[in-house]
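**Q** Just need the structure, nothing else, for what follows:
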Amino acid sequence: MTTTTYLFALVDGGGTVPPDLAAVRRMVTRGHRVVVLAEDTMEDEVRATGATFQPWVRAVNRSSRRPEHDPYRDWECKNPMQLFDRLIELQLVGPAPAYAADVDDAIAEHRPSAVVCSFFALGAMVAAEAAGLPFAVLFPNAYLLPAKGMPPFGMGLRPARGPVGRVRDRCLTAMTVRTWDRKGLPGLNQLRAERGLEPLEHFWDQVHRARREIVMTSPAFDFPAALPANARYVGPVLDDAGWCDPYSPPPGDAPLVLVAMSSTFQDQAASMQRVIDALAALPVRAVVTTGPAVDPDDVVAPEGIVVIRSAPHTAVMKHAAVVVTHGGHGTVMKALAADVPMLVVPHGRDQPDNAARVVARGAGLMRKRSASAEQIRDALRQLLDDPSYRENAARLGAVIRRDARSDELGDALEAVAPGCLTA
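**A** As a prediction, the model looks like this:
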């Protein structure tokens, strides 16, 4: 192995931070020099990996994870087209020139051999490509982009069955591809032209130009599909967030339920309150973690239900009978790795798709975020009373634990840089 300098260009996506920084830590542990461009919200966690932290200067840089500092505010979107526009203008194409300029400066200063980019940092990918550097893209979730056999992402769909299902997938995929191309491709190609790069035919071709698309989940969890030749499943990361507080379980021996909603703001307090109301009518103990974006005082809980900002989920899940979650990929992976079934209450982003995969594997149930306390309570009773959910979670969990123990993430990253081992 040759020691190499890696530049990571990371965006704070809440639940994406632990897996992204696990990739950083693996490169540091392997003896490489690692510089991380990231938001101020991530500084302490980046430094804890042993990497060099460098803040975004022109690009988006939040000072906290509180909702008032969220630049995207996706929870305000009322329909898919509004969400498309917000993603293009505020997350993907609008800030791409700023990401590219900051990466230009970092490349000039640190002279890396490879750049590793967050999925949403398209400008960082353009800057790396223009500098003639290989780059990788991190997918800390299931595979997000169109692929043969994969249902269109974002809608919580199961794989197609029969001719009607295949027509559904072809039509929906074609529609979403056209929308991304129409709304995002002109601005992205303008940035590429300014850097002397040829135009792309489709918007997501920018990601496909990576030397590696690194999919940080288990293929046993994701739906089967024909991924691009440069894509690699490397197994999930089960690390807890670096900002977790100490935890003590509530007293008693009743079944323990963990409620773990988003680590970023998704206007989830009302849904969380209905979950608490449902738990109050059941003979269980519960731990509710609100995350850094919601104050524990925003919900009301009776005795026997502990509400705290954070806890090491891996430790809590060792004793849990059920996990109630919004469906973030990290929480889903940890629950399955602990053999714990889930009630998934998606609030957006990739969560409906993670819920579809949990339900398809028989490892849990899904309810809408608007579900009443009574509907949530009935689903929890079903999960507590029917052992098949835990059995199915344990079956999948054994594979997830095996994949998480592999070295494929580090191997895939080293395959990106010239002079390192190839895979």
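**Q** which residues in this protein form helices?
**A** With helices called from DSSP state H, the chain shows them at 17-29, 43-48, 80-86, 96-110, 122-130, 162-194, 205-208, 269-280, 313-317, 329-337, 351-360, 373-385, 387-404, 408-414.
**Q** who touches residue 115 in this structure?
**A** 6-9, 103, 107, 124-125, 127-128, 133-136 (CB atoms under 8 Å, 6 or more residues apart in numbering). Placement of C-beta: from N, CA and C, glycine included.
**Q** To residue 60, which of the helices of the chain lies closest?
**A** When the helices of the chain are compared by CB to CB, helix 96-110 sits nearest residue 60, at 7.5 Å.
**Q** in the closest one, what's buried?
**A** Using 16 or more other CB atoms under 10 Å as the test for burial, helix 96-110 gives 96, 97, 98, 99, 100, 102, 103, 104, 106, 107, 110.
**Q** Likewise for stretch 375-384?
**A** By 16+ other CB under 10 Å, the buried positions in stretch 375-384 come out as 376, 377, 379, 380, 383, 384.
**Q** Likewise for stretch 204-218?
**A** Buried positions in stretch 204-218, judged by neighbour count with 16+ other CB under 10 Å: 204, 206-207, 209-218.
**Q** nearest to residue 272, of these?
**A** In terms of CB to CB, no member of these lies closer to residue 272 than residue 217, at 25.6 Å.
**Q** coming back round to it: do you know which of the helices of the chain lies nearest residue 143?
**A** For residue 143, the closest of the helices of the chain is helix 351-360, at 9.8 Å, according to CB to CB.
**Q** So which other helices or strands are in contact with the closest one?
**A** helix 329-337, strand 342-344, strand 364-366 (3 or more CB pairs under 8 Å, 6 or more residues apart in numbering; DSSP states H and E).
**Q** Return the distance of it from the chain's centre.
**A** Computed by CA atoms, centre = their mean, to the nearest Å, the separation of helix 351-360 from the middle of its chain amounts to 13 Å.
**Q** cool, stretch 323-331 as well?
**A** Averaging C-alpha positions (CA atoms, centre = their mean) puts stretch 323-331 10 Å from its chain's average.
**Q** What's the end-to-end length of that stretch?
**A** With CA to CA, to the nearest Å applied, stretch 323-331 spans 9 Å between its terminal residues.
**Q** Tell me the buried residues in it?
**A** Within stretch 323-331, the residues scored as buried using 16+ other CB under 10 Å are 323, 324, 325, 326, 327, 328, 329, 330, 331.
**Q** So for residue 26, what's the nearest residue that isn't a sequence neighbour?
**A** Leaving aside its sequence neighbours, residue 26 sits nearest to residue 410 (CB to CB, 6 or more residues apart in numbering; 4.3 Å).
**Q** how deep is the one you found tucked in, by neighbour count?
**A** 21 (other CB atoms under 10 Å).
**Q** Same list, the helices and strands packed on helix 351-360, but as JSON lines with distance to residue 417 and mean pLDDT please.
**A** Converted to JSON lines, the helices and strands packed on helix 351-360 look like this (distance: least, CB to CB, whole Å; pLDDT from 0 to 100):
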{"stretch": "helix 329-337", "distance to residue 417": "26", "mean pLDDT": "94"}
{"stretch": "strand 342-344", "distance to residue 417": "37", "mean pLDDT": "97"}
{"stretch": "strand 364-366", "distance to residue 417": "39", "mean pLDDT": "97"}
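**Q** ok so, going back, just the helices of the chain: most buried one?
**A** helix 329-337 (a mean of 28; mean count of other CB atoms under 10 Å).
**Q** what angle do it and helix 17-29 make?
**A** Helix 329-337 runs at 80 degrees relative to helix 17-29, counting by axes from the mean of the first three to the mean of the last three CA atoms, to 10 degrees.
**Q** Which other helices and strands does helix 329-337 contact?
**A** Checking 3+ CB pairs under 8 Å, 6+ apart, helix 329-337 ends up next to helix 313-317, strand 320-325, strand 342-344, helix 351-360, helix 387-404.
**Q** right, and the ones you listed - which one's nearest residue 86?
**A** helix 351-360 (17.0 Å).
**Q** so the closest one versus strand 320-325, what angle?
**A** Using the same axes, to 10 degrees: helix 351-360 against strand 320-325 is 150 degrees.
**Q** Just the residues contacting helix 351-360, thanks.
**A** Residues from elsewhere that reach helix 351-360, judged by CB under 8 Å, 6+ apart: 141-142, 151, 153-159, 221-223, 326-329, 332, 336, 342, 344, 346, 364-366.
**Q** Run a quick neighbour tally on residue 3.
**A** 11.
**Q** and it, what is it in contact with?
**A** Counted by CB under 8 Å, 6+ apart, residue 3 has contacts 31, 32, 33.
**Q** just the buried residues of helix 96-110 now: which is nearest residue 171?
**A** For those, the residue nearest residue 171 by CB to CB is residue 96; the value is 29.3 Å.
**Q** Skip the chain neighbours and tell me the closest residue to that closest one.
**A** That would be residue 123: by CB to CB, 6+ apart, it lies 3.4 Å from residue 96.
**Q** Could you list the domains of the protein?
**A** According to automatic domain parsing, the chain comprises the domains 5-235+406-414, 256-403.
**Q** on that earlier part again, save the buried residues of stretch 375-384 as JSON lines, and put in distance to residue 38 too.
**A** Compiled in JSON lines, the buried residues of stretch 375-384 are given as follows (distance: CB to CB, whole Å):
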{"residue": "376", "distance to residue 38": "36"}
{"residue": "377", "distance to residue 38": "41"}
{"residue": "379", "distance to residue 38": "38"}
{"residue": "380", "distance to residue 38": "38"}
{"residue": "383", "distance to residue 38": "37"}
{"residue": "384", "distance to residue 38": "40"}
